[in-house]
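S.K.: fold the following for me, if possible:
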Amino acid sequence: MSETLTVPKDKVLAAYSKAKSPRKVMLENLFGAKTFQPEIKERIKNLSDVIRENGISEKEFRESCEGLEPDEVAYKMVKEIVKAFNEGWTPDWTNSNQGKYYPWFKMGSPSGGGFSFFGYDYWLANSLVGSRLCYKSADLAKHAGQLFESIYKDFLTA
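M.R.: Got it, this is the predicted structure:
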């Protein structure tokens, strides 16, 4: 009969940071390589990081955008951003209890011109975002929206 050991994560991470390559491999085999990866918000700082995280080359991405309108290129970028930050998570649209989040942008002038919208109807169900563009957490949606605001702006306004 084997015993189970409980090791605090901070101790494992500290051992990993001090270990040489063979010991790092051993720790990755024991605890899984993902245990030692920085959080997604730390790994992604720009679009190049997004593309790398999704396992495609920048050349492939550029070629896939050839001949597209600016808003279409921005849409492809936003899809890649959401895919990277969600790390394989996809929304379950049959589960109304599962949170689904997207960045919220206030565009336009303070006078109400520009991008402003208000609507209310008791019987109306409405979505203001494409279903594939939602995030698994509000924190990720806010972070990605702030980090890639210019890309979202191109997507929404181009």
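S.K.: domains in this protein, as residue ranges please.
M.R.: 1-37, 40-157 (automatic domain parsing).
S.K.: least reliable of those going by mean pLDDT?
M.R.: For the domains of the chain, the weakest mean pLDDT is recorded on domain 40-157, namely a mean of 86.
S.K.: tally of neighbours for Pro103?
M.R.: Pro103: 23 surrounding residues under other Cβ atoms under 10 Å. C-beta coordinates here come from the backbone N, C-alpha and C atoms, glycine included.
S.K.: give me the nearest residue to it, chain neighbours excluded.
M.R.: Among residues not flanking Pro103 along the chain, Gly145 sits closest, at 2.5 Å (Cβ to Cβ, 6 or more residues apart in numbering).
S.K.: then Tyr135?
M.R.: Nearest one to Tyr135, counting by Cβ to Cβ, 6+ apart, is Ala141 at 4.1 Å.
S.K.: which strands and helices lie in contact with the helix or strand in which the one you found is found?
M.R.: Assigned by DSSP states H and E, Ala141 belongs to helix 138-147. Using 3 or more Cβ pairs under 8 Å, 6 or more residues apart in numbering; DSSP states H and E, the elements in contact with helix 138-147 are helix 40-43, helix 70-86.
S.K.: burial count for the residue nearest to Tyr135?
M.R.: 22.
S.K.: give the buried residues for the helix holding Ala141.
M.R.: Within helix 138-147, the residues that count as buried by 16 or more other Cβ atoms under 10 Å are Leu140, Ala141, His143, Ala144, Gly145, Leu147.
S.K.: could you give the angle of the following helix or strand past it to helix 70-86?
M.R.: Toward the C-terminus, helix 138-147 is succeeded by helix 149-157 as the next helix or strand (DSSP H and E). Relative orientation of helix 149-157 versus helix 70-86 (axes from the mean of the first three to the mean of the last three Cα atoms, to 10 degrees): 130 degrees.
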